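A.B. asks: Predicted model, plus sequence, below.
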Amino acid sequence: MVVMPADGGSWASSDATRRSMLGNRRRDTTPELAVRRLLHAAGLRYRVDYPLPFDRRRRADIVFTRRKVAVFLDGCFWHSCPQHGTSPQTNSDYWAPKLERNRLRDLDTTQRLVDEGWTVLRFWEHEDVNAVVAAVITAVEARA
């Protein structure tokens with residue numbers, strides 16, 4: 001259950017923050033589209049924003065269902081990239097535990113998929129698209 005402030009406003013610390021948060025997409029991000037475009041051009045077909053078998057609220061960005069390969073393209077902020085992740089100074093009592101929960105959920109998701117026989121590939125949004133695509137193609141072909 002989500003409880004909104006009594007005044008009907010937002011939990012965001014400012015209007016600019018609220019607009020930024022609303023602009024964050026769950027799927028079809030620029031890195032995802034670039035990777036998907038190249039995978040499709042290579043002749044691979046896949047599912048997008050696919051619900052995971054053990055928890056339908058968790059989703060993988062790109063999934064090859066028959067080969068059991070799940071690909072995650074993680075955003076640096078939301079998934080606490082060691083190279084580019086940042087800790088917001090405003091409302092840090094909220095953000096620090098939130099980002100840590102995201103990181104722990106990623107670990108749990110990966111482990112549960114591996115336990116069910118999946119190959120799990122995780123990439124950061126800043127990684128080279130061609131390198132990501134090459135790794136995905138290699139993993140999918142290995143599961144043939």
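C.D. replies: Right, received. Where do you want to start? Numbers count the residues shown, from 1 in each chain.
A.B. asks: can you pull the buried residues of the top helix by length along the chain?
C.D. replies: The residue-count maximum for a helix in the chain (DSSP state H) belongs to helix 92-115. By 16 or more other CB atoms under 10 Å, the buried positions in helix 92-115 come out as 99, 103, 106, 109-110, 112-113. From N, CA and C alone the C-beta is placed, and that goes for glycine too.
A.B. asks: With stretch 123-135 instead?
C.D. replies: 123-125, 129, 132-133.
A.B. asks: again, but for stretch 32-48
C.D. replies: 32, 35-36, 38-39, 44, 46.
A.B. asks: ok, so of those, who is nearest Ser80?
C.D. replies: Glu32 (18.9 Å; CB to CB).
A.B. asks: Tell me who's in contact with the closest one.
C.D. replies: By CB atoms under 8 Å, 6 or more residues apart in numbering, the residues touching Glu32 are 48, 61-62, 73.
A.B. asks: ranges for the helices of this structure?
C.D. replies: 15-23, 30-41, 92-115, 129-142.
A.B. asks: among the ones you listed, which gets the worst mean confidence?
C.D. replies: Among the helices of the chain, helix 15-23 carries the lowest mean pLDDT, at a mean of 60.
A.B. asks: Residue nearest the middle of the protein, spatially speaking?
C.D. replies: Closest residue to the average C-alpha location of the chain: Asp74 at 4.0 Å, with CA atoms, centre = their mean.
A.B. asks: Is that one bridged to anything, and to what?
C.D. replies: Trp124 (DSSP bridges).
A.B. asks: How much space separates it from Gln83?
C.D. replies: Noted for Asp74: a distance of 12 Å to Gln83, by CB to CB, to the nearest Å.
A.B. asks: Give the intersection of the neighbour lists for those two.
C.D. replies: Trp124.
A.B. asks: Before we move on, what's the pLDDT of Phe48?
C.D. replies: You called it Phe, but residue 48 is Val. Val48 carries a pLDDT value of 97.
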